[in-house]
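1. this is a predicted model, with the sequence first.
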Amino acid sequence: MALLAKNISCIVETAFLRSALGLTSTKILKPRRILLHSTKLNYAKEALSQKPEIKVTFIRASGERIEAKGKEGDSLLDVIVNNDIDLDGFGACEGTLTCSTCHLIFSKEVYGSLPSKPTDEELDMLDLAFDLTDTSRLGCQITLSKELDGLEVRVPATINDARS
């Protein structure tokens, strides 16, 4: 039963990925042949596009301010990638918690209001980051919500890729 649930989960993930790419239908042959029609994919695409936009400002060490927008549920890493923001080396591990390149620094107020606290894995990676502060987090672990609209976050002057 757990295997079937896992396979269904993979099918749903595939549907969302195909929807994001604008593909109209898919056939999945394992574990069963399932046909997803374009109307269902369009509903999924509409649901994703109707999420409210959240404004985020990234502040480089130089003081340069980079304004971007993300959707509710996106990580800060997603915002950087989706807005094609050039932060050298940022998010090298693509959010798998195996590097510290998406290290960001929050104000004390924002840090204290974040809904989730850092996990042990995140803290281990942060230990390897440059310019570590008491309010440091990894951007891949911070999910946007309406409460974070207007967020300003500092980007450290340099990165340390924990994988190297």
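-> Great, that's in hand.
2. helices of this structure, residue ranges please.
-> For the chain, the helices defined by DSSP state H occupy 2-20, 38-49, 76-82, 108-113, 120-126.
3. for those, which has the smallest mean pLDDT value?
-> Lowest mean pLDDT within these: helix 2-20, a mean of 46.
4. in this structure Pro118 contacts Cys140, no?
-> No: distance between Pro118 and Cys140: 11.5 Å, which falls outside the contact criterion (C-beta atoms under 8 Å). Every residue, glycine included, has its C-beta placed from N, CA and C.
5. show me which of those two is the more surrounded one.
-> Ranked by neighbour count (other C-beta atoms under 10 Å), Pro118 and Cys140 place Cys140 first, with 25 against 17.
6. that one against Ser100, yeah?
-> No: Cys140 lies out of contact with Ser100 (C-beta under 8 Å); the separation is 10.1 Å.
7. distance check, Asp74 against Asp120.
-> Distance, Asp74 to Asp120, by C-beta to C-beta, to the nearest Å: 24 Å.
8. one more: Glu72?
-> Here Glu72 is placed at a distance of 27 Å from Asp120 (C-beta to C-beta).
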